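[1] Here is my input, please return the structure:
(chains A and B)
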Number of protein chains: 2
Amino acid sequence: MSKSLANQVAVIGVGCTKFGENFDQSLQEMMVEAATGACKDAGVSLDDVKAAWLGTFSPGFSGGKATITLADALKFRGRPITRVENYCATGTDAFRNAASAVAAGQYDIVMVVGAEKLRDRPVRGLQREGIHPYFEAGSTAPGIFALAANRYMHTYGMQRDTLAKVAVKNHANGALNPKAHFQMKITEEQVLKAPMIAYPFGLFDCCPTTDGAAAAILCRADLAKQFRKDFIVVRGIGLAVMSGKPYLDPTCDYLGFPATEAAAREAYVAAGIAEPLKEVDFAEVHDCFTWTEISNYEDLGFCKKGEGARFIEEGRSSLQGDLPVNPSGGLKSFGHPVGATGVRMIYEIVTQLRGGAGARQVKDAKVGLAHNLGGPGAVACVVILGREA
Amino acid sequence: MSKSLANQVAVIGVGCTKFGENFDQSLQEMMVEAATGACKDAGVSLDDVKAAWLGTFSPGFSGGKATITLADALKFRGRPITRVENYCATGTDAFRNAASAVAAGQYDIVMVVGAEKLRDRPVRGLQREGIHPYFEAGSTAPGIFALAANRYMHTYGMQRDTLAKVAVKNHANGALNPKAHFQMKITEEQVLKAPMIAYPFGLFDCCPTTDGAAAAILCRADLAKQFRKDFIVVRGIGLAVMSGKPYLDPTCDYLGFPATEAAAREAYVAAGIAEPLKEVDFAEVHDCFTWTEISNYEDLGFCKKGEGARFIEEGRSSLQGDLPVNPSGGLKSFGHPVGATGVRMIYEIVTQLRGGAGARQVKDAKVGLAHNLGGPGAVACVVILGREA
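    Below you'll find the model as predicted:
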C-alpha cells in the first residue's frame, strides 16, 4: 500500500454477535445481527450504505451463494456486494478491499461483513476444504502448525509451559468478554494436562471452531465527523501471500511466517511506523495455536527472533503489559469463525480505541493492530487503526 | 461508482489461453500462460506487478487454496493477492476490485487473473456448488433460465427460431476466433433439431462448461503512456446483487434481470453514457443461454423491453450490425470457465479496441462493454472500457 491510502478511510461503526455454538442462529441471522449492530453504532441506515464486502471462507452447503445470502439477509438489493476469500485472512482482506473502494472515492459509506457457521456441519467437510488432498493428505491444521512449533522449541529451547502461558492469558482476557466463545479462566496445569492433539499442542493450545459474524461501517475520513466525533482512522494495511508448500521448501526454517513479516512491512510503511513495540499500543493477532501467537510477536516486530517466549513469560503481552495482545481473548478464547475473525478483530480494535472495552480495556489505546494468518501460514493481512490524530 | 473513478485506470496488457477441454494443462499452467501473456503484452515483468486479484468460482479440490495456487504458479510471493468470488460475475468483479485499488493509489501496476478448470471433475460437484440443495433441489442452470425464457416467449410471442439465431450468430463469430472452445459454424436447423435440454433450450441454446484462464494488467491512467500508446481506459464499472430467490418473489416478472439493469445504471452514470445504443460500439454479454443474450439487450438498454427478439432478428447484434454483441463468440462458442469468463471479456474488449481482432474485428470500436450475470440471474457486473480519448 502506498502511503496515499493512509488516513483517508474511517471506521464509524462496528457490530459483532456473541461467538460460540450459535445453534439458534442461521448464517443469515448472524449477518443481520452484526450488520444492523454496526449500522446502529454508526448512526446510519442500511440505505445509507452504498456497497458491501463479505468475508466468508466456506459459506455453507453450496460452496457459493455468499453475496446473495447477504443481500437476502439484509434486503440489501440492487447494490454491489463482493465476496472476498483468503483462507483465515479472509476477514481482514475483505476490510482491505472495502477500504480501497472508499479511498478511491467510489462510495462514501460501505460495509464489511465477516460471517461463518462452523459448528453445525460435518468436520470432514472443513478438513477437506482447508487441506490439499495430495500434498497434505492426512494432515490437519494442528498437525501442520505443530511441525513449526516443534522446530521452534528445539531451536530456542522453549518448553510447553511457555505455550501454556499464552492460553492462560487469552482465556483470562476472554473471561472478561461477554461475547467470547469461552468465558472461563484456565490454569497452566489445566493446559499442560489436557488431552494431546498434536505435540506440543494439547486441547487448550488450539483455538476452537466457532459460529459468529462481525461487521464494520467505513466512510471517507473527511466525512466521518458527520457521524461521530470518536471515529477511527485506517493508518495502514498490508497483505502478503507466500508459497502454499513451505514445508516442501528447503529454505523454510520453520521458525516463523514470512507472510506476516511482509504484510506487516507494507502496513508499517503506510502508517509511518518505524518501531512497532513503541508505536503500536495493542494488537489482536492470529493465535490459532498458542505457538502461533509467540511467532506473531516476532514476525510483527514486537520483539526479535527467538525472544517471543520471553515476551509472554515477562507478561509484556498481558492486559497490563506494555503491548497487550489479544485483549479480546483472541482466537483461543473468543473463537475462530474463519471469515468472521478478521472483522471481529476490527470490532475489538475500534471498541478499545474508543475506550469502550470495559473490564478488558487497554490503557491509553491510541493505535491498534489486527493480524490474520491463513493458508496455513502462507497468507497474512495486517490492518493498523488509530484514533483520529 | 462515483464519477471520480472514471478514466483513472488503464488496461495496458491482456492475455488469454485457448478455451476448451484443456486436459493437458493444470489450473496453474493456465494461470501462468494467461498471466505471462498479459505481462508480455504490457511490456512489464512480473516483478513490476505489485498486487493481484484472482477471480475463481470453484478453485478445485480444496474449495480454497486459490490465492496460494496463483502465488505458487507465478512464483509471485510476498505480495498481495485477493480472491474474489461472485458466482458467474466473478471475473468482472475481480477486475472491479483491482481497479479500485489502482484508483485509490495503492499500487501503480496490478494484475487480474480469472481461471477455472471445469472439464476434468465430476459434474455433480459443480451442480452442488451452484445450486441450493433445498430451494433449488433438482434444478439446474438450464432449468432455471428456461423458466424465464418460457415466460418471455409467452409474453412477447417469441419462438424458438429466434433463440436459434443467437446461437448461429455466436458460433459464426467463434468460428473466426482461434481461442474459442467451439470454432464451428452451425445452422438454425441444427440448433432447432438438437437434443432438448430444458424447453425451450436445446443443446445449442446452452453454453458449454470449459477450461480456461485470462489475465489483464492495470495501471494508473496517468502512467499508462509509459507502457504503450494504445492503452485502454476504464470508463465505468457497476455491480449489483439482487435476491437469490427471484422465482419465489411474486414481484419477479421473469422477463429480465434487474441485477443487470442496476449494474448497467451504475456503469453508465460513471461513464457519462446516456444512450447506450449510440454510445457503446460493441459488447461482450453473458449469453449462458440464447435467451439470456436477448434479455441482456433489453436489460443493458440496447433496445426496449420486449424488443430483444427483433434486435437479433434484424441482425443489429451481428458482427456487421450497429451494435455487435459477442464478437468473440460469447459464452456460447468461446466457452464459459466461470471465474475466467469476465476477464476473458476484458481481453476481447481490449483486443477489439486496439483493432487487433483480425477476422472478427468490429469496425470503429471505440467504446466496449463487458457484462457478467450470475447467481443465477441475481448478480451482474458491467465494465465499460474505451480508447484513450
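
[2] what about the closest residue to residue A:74 other than its chain neighbours, distance to chain B?
    Counting by Cβ to Cβ, 6 or more residues apart in numbering or on different chains, residue A:74 lies nearest to residue A:35, which is 5.6 Å off, once chain neighbours are set aside. For the C-beta atoms, the positions are set from N, CA and C on the backbone; glycine is no exception. Applying Cβ to the nearest Cβ, to the nearest Å, the value for residue A:35 to chain B is 14 Å.

[3] right, and the secondary structure at residue A:35 would be what?
    Put simply, residue A:35 is helix when judged by DSSP: H, G, I helix; E, B strand; the rest coil.

[4] While we're on it, how confident is the model there?
    We have a pLDDT of 98 for residue A:35.

[5] Just the pLDDT for residue A:135.
    Residue A:135 is given a pLDDT of 53.

[6] again but with residue A:2, I slipped
    According to the prediction, residue A:2 has pLDDT 52.

[7] and what of residue A:119?
    pLDDT recorded at residue A:119 is 87.

[8] so it sits right up against residue A:19, yeah?
    No - with contact defined as Cβ atoms under 8 Å, residue A:119 and residue A:19 do not form a contacting pair (10.5 Å).

[9] anything in contact with each of the two?
    With contacts taken as Cβ atoms under 8 Å, 6 or more residues apart in numbering or on different chains, residue A:119 and residue A:19 have A:210-211 as neighbours in common.

[10] Between those two, point out the one with more neighbours.
    Per other Cβ atoms under 10 Å in any protein chain shown, whichever of residue A:119 and residue A:19 has more neighbours is residue A:19, with 30 against 18.

[11] Kindly provide the distance from the residue most central in space within chain A to residue A:148.
    Centroid check for chain A by Cα atoms, centre = their mean gives residue A:342 as the closest residue, at 3.4 Å. Going from residue A:342 to residue A:148 by Cβ to Cβ, to the nearest Å gives 21 Å.

[12] try residue A:140
    14 Å.

[13] Apart from its chain neighbours, what residue comes closest to residue A:297?
    Going by Cβ to Cβ, 6+ apart, residue A:297 has residue A:308 as its nearest residue, at 4.3 Å.

[14] repeat for residue A:202
    With sequence-adjacent residues excluded and distances taken as Cβ to Cβ, 6+ apart, residue A:202 is closest to residue A:194, at 4.0 Å.

[15] Contact partners for that neighbour?
    Contact analysis of residue A:194 by Cβ under 8 Å, 6+ apart lists A:202-205.

[16] 6 Å instead, please
    Residue A:194 makes contact with A:202-204 under the criterion Cβ atoms under 6 Å, 6 or more residues apart in numbering or on different chains.

[17] from what I can see the residue nearest to residue A:74 touches residue A:214, true?
    No - here residue A:35 does not reach residue A:214: they are 9.4 Å apart, not a contact under Cβ atoms under 6 Å.

[18] who's more crowded, those two?
    Higher neighbour count among residue A:35 and residue A:214: residue A:214, with 34 against 29, using other Cβ under 10 Å.

[19] how about that one, phi and psi?
    Per-residue torsions, residue A:214: phi -140, psi 160 (degrees, to the nearest 10).

[20] and residue A:11, that's in a strand?
    Yes - according to three-state DSSP, residue A:11 belongs to a strand.

[21] So in terms of bridging, what pairs with the residue nearest to it when sequence neighbours are not counted?
    Nearest-residue entry for residue A:11: residue A:232, 4.4 Å, with adjacent residues in sequence omitted and distances by Cβ to Cβ, 6+ apart. On the basis of DSSP bridges, residue A:232 is bridged to residue A:11, residue A:387.

[22] Can you show me the strands along the stretch 151-300 of chain A?
    Along the stretch 151-300 of chain A, the stretches classed as strands by DSSP state E, counting those that start in this stretch are A:196-198, A:201-202, A:212-220, A:232-241, A:282-284.

[23] roughly how far is the shortest one from the heart of the chain?
    For strand A:201-202, the separation from the chain centroid amounts to 21 Å (computed by Cα atoms, centre = their mean, to the nearest Å).

[24] Flag every residue of the stretch 201-350 of chain A that's near chain B.
    Residues of the stretch 201-350 of chain A found near chain B (Cβ under 6 Å from any Cβ of the partner chain) are A:239-244, A:262.

[25] hmm, which of those residues are the buried ones?
    Buried members of those, counted by 16 or more other Cβ atoms under 10 Å in any protein chain shown: A:239-244, A:262.
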